[in-house]
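Participant: need the 3D shape of this:
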Amino acid sequence: MAHTAVIAGVGPGLGASLARRFAAEGCDVGLLARTESFVQGLAADIRTEYPGDAVAASADITDREAVADAFATVREAFGPVDVLVNHASGATWDGADVDPADFRHSLEVGPVGSLHCTQEALADMRDTEEDGPPEGTRGTVIFTGATSAVRGREGALGFSAAKFAVRGMAESLARELGPEGVHVAHVVIDGGIATPAALEAGADPDELLDPDAIADSYWHLVEQDRSSWTLELDLRPHVEEF
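Facilitator: All right, here's what the predicted structure looks like:
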């Protein structure tokens, strides 16, 4: 089955790997990010390298109207959205002395931005004339979490609060939307990711998660049979003393 997927928060690390993995499976992918130049280039690469197509949609996901415009761009190119990955996050690394404005921004990007994107995607997933409970899957919504979504981290007050909130959203939505045929899952990225920035800074790739391998796990969530949906997936690097 072909899918139209939106990835909200696409950067050169995991976001790009998710876009490429989904396009490799034949999905048409909407790339949402504030930096339009990067997603424009990624969309061009996807169109030439993979079976699926891609469109760039610049958007600040804290702005509800900007999100609506971005989804309209994706729908105009590919039709209704049936896969959403809420991947965006933004926070300063501060503890108790965090600036309240920075703390609010963490919540605006994380849970509030995810709410904007999820509500837009659900408008498509729930748009059906069928009566009664569905037999198949009407869509998939995946939230990217972190270690800080399950245990607080010193010096990361805004980030931890946002990730805890996103995890709660995922669990609540899974119970609400599952009977309607919408699969909601939360992925705990329990460790660092081998992004270009991390590798350039000298991080040991053997102690980090491979973004392409993570993307494989996200695709598995999309393809799961409804009889055995995953609510939460914990991914961590294989290191002896992790």
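Participant: which SSE is immediately downstream of the helix or strand of the chain at the bottom of the mean pLDDT ranking?
Facilitator: In the chain, no helix or strand scores lower on mean pLDDT, DSSP states H and E than helix 196-200, which sits at a mean of 83. Sequence-wise, the next helix or strand downstream of helix 196-200 (DSSP states H and E) is helix 211-223.
Participant: now do that next one: which elements does it pack against?
Facilitator: helix 14-24, strand 139-146, strand 182-189, strand 232-235 (3 or more C-beta pairs under 8 Å, 6 or more residues apart in numbering; DSSP states H and E). Just so you know, the C-beta spots here come from the backbone N, C-alpha and C atoms, and that holds for glycine as well.
Participant: ok, residues contacting that helix?
Facilitator: 3, 5, 13-14, 16-18, 20-22, 25, 83, 85, 140, 142, 183, 185, 187, 189, 193-195, 230, 233, 235 (C-beta atoms under 8 Å, 6 or more residues apart in numbering).
Participant: follow-up on the earlier one: would you mark the buried spots in the least confident helix or strand of the chain?
Facilitator: Neighbour-count burial for helix 196-200, counted by 16 or more other C-beta atoms under 10 Å, picks out Ala198.
Participant: list the contacts of that helix.
Facilitator: Residues contacting helix 196-200 (C-beta under 8 Å, 6+ apart): 12-13, 192, 205, 208.
Participant: are any of those residues buried, and if so which?
Facilitator: By neighbour count, with 16+ other C-beta under 10 Å, these hold 13, 208 as buried.
Participant: show me which of the contacts of helix 196-200 is closest to Ala59.
Facilitator: Among the contacts of helix 196-200, Pro12 lies closest to Ala59 (C-beta to C-beta), at 17.7 Å.
Participant: how close does the closest one sit to Thr35?
Facilitator: 10 Å (C-beta to C-beta, to the nearest Å).
Participant: just Ala213 next, same as before
Facilitator: From Ala213 to Thr35 the distance is 25 Å (C-beta to C-beta).
Participant: over to His220?
Facilitator: Distance, His220 to Thr35, by C-beta to C-beta: 29 Å.
Participant: same check, this time on Arg167
Facilitator: According to C-beta to C-beta, Arg167 and Thr35 sit 26 Å apart.
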